[in-house]
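**Q** give the three-dimensional model of this entry:
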Amino acid sequence: MQINIIRSDIKQSLAGLRETLSVLDDQRLNTVPFSGSWTAGQTVQHIILSGMGFVQMINGPVEATLRKPDEMAEQIKTIFLDFTIKMKSPDFVVPLDDFYTKEGLVNTLNELELSVEQASQLPDLSLTCLAFKLPVLGNLTRYEALCFIAYHTRRHLHQLQKIREKLAGQETPLYAK
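**A** Have a look, this model is predicted:
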């Protein structure tokens, strides 16, 4: 298990999110960049909802793991870093069609980063989380859940950067509300 690499990856991705947000005003943050897309604000809110859910899972009930604790890490990485496939989010992490502020999102990203850092410091990351079973993957270990946060965040950072690029060339914004 390469926990220091995963911690670093999460920190870099969250820093990238904050940097990408820094160039968007609240108007652009809530602008639909193209048909069928979330706004930048909704994309960041999705990352927050998912990340906080995984932190709760990591801190929830666990049991001894009867397999290699990082067995699914590479599969998680492969799934999320394949930018050619489109995924559908489960309803419970679909962001509201709301007006998001840069300040509010950045503050919540900071809280998420602190929560993930604390979860990554738990004494035994090899334990299997029991609070939630993912489709296809099943129950993840604490370490694999941190990998999920890292690669999921990186995937959406890539998406957010594409949204920012689209908004930079858009003269007439399409508002989410």
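
**Q** ok, and for the helix or strand hosting residue 106, which residues are buried?
**A** Residue 106 belongs to helix 102-120 when assigned by DSSP states H and E. For helix 102-120, burial by neighbour count (16 or more other C-beta atoms under 10 Å) applies to 102, 105, 108, 109, 112, 113, 115, 116, 119, 120. (Glycine included, C-beta is placed from N, CA and C.)

**Q** out of the residues you listed, which is nearest to residue 158?
**A** residue 109 (16.4 Å; C-beta to C-beta).

**Q** quick one: the helix holding residue 106 to chain centroid distance?
**A** With C-alpha atoms, centre = their mean, to the nearest Å as the basis, helix 102-120 stands 11 Å off its chain's centre.

**Q** ranking helices and strands of the chain by mean pLDDT, which lands last?
**A** The weakest-scoring helix or strand in the chain, judged by mean pLDDT, DSSP states H and E, is strand 174-175 (a mean of 46).

**Q** in this protein, which spans are helices?
**A** 3-22, 26-29, 40-59, 73-80, 102-120, 142-168 (DSSP state H).

**Q** for residue 134, find the nearest of the ones you listed.
**A** Nearest of these (C-beta to C-beta): helix 142-168, 8.1 Å.
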